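Asker: turn this into a model:
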Amino acid sequence: MPAPRKKQAPQRKTPNSAQESRRFWLTYPPKLIQSPVIWELAQKFEVVSNIRQASVSDVLGILCLELEGRRSVIKKAVRWLEKQGVSVEPVEINVIES
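Answerer: Residues are numbered from 1 along each chain as shown. As a prediction, the model looks like this:
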């Protein structure tokens, strides 16, 4: 007979650990159009990515990307995208933002 499992204490959801979903407009420069930037983002950060809309040509890529995860992780993921050379703009700006 297997040993009984210990019950884990329920995790408290703080504002920083609660899951949320945010949408962003991403604009890719020509040098990144062939790069798997969204795939790399999903590998590096604990977020779920969903491409909501996209228009890509040889010279420009524009995507509406939805990211779901903890607020702090989404912020880190956005900073990483910007460091890669991707322009990131929120689709909606919250009136109350910390």
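
Asker: now name the helix or strand holding the residue most central in space within the chain.
Answerer: Nearest to the mean C-alpha position of the chain, by C-alpha atoms, centre = their mean, lies L67 at 3.7 Å. Secondary structure assignment for L67, by DSSP states H and E: strand 61-70.

Asker: pull the CA atoms of that strand into CSV?
Answerer: Provided in CSV are the C-alpha atoms of strand 61-70 (Å, rounded to 0.1, in the frame of the first residue of the first chain):
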residue,chain,number,x,y,z
GLY,A,61,5.9,42.2,-39.1
ILE,A,62,2.9,43.4,-37.0
LEU,A,63,1.3,41.0,-34.5
CYS,A,64,-1.4,41.3,-31.8
LEU,A,65,-0.1,39.0,-29.1
GLU,A,66,-2.0,37.9,-26.0
LEU,A,67,0.2,36.8,-23.0
GLU,A,68,-1.3,35.0,-20.1
GLY,A,69,0.6,34.5,-16.8
ARG,A,70,1.7,36.3,-13.7
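
Asker: which strands or helices does the helix or strand hosting K76 pack on?
Answerer: Using DSSP H and E, K76 sits within helix 71-84. Contacts defined by 3 or more C-beta pairs under 8 Å, 6 or more residues apart in numbering; DSSP states H and E place helix 71-84 against strand 19-28, helix 37-44, strand 61-70, strand 87-90. C-beta here means a position set from N, CA and C on the backbone, and glycine is covered the same way.
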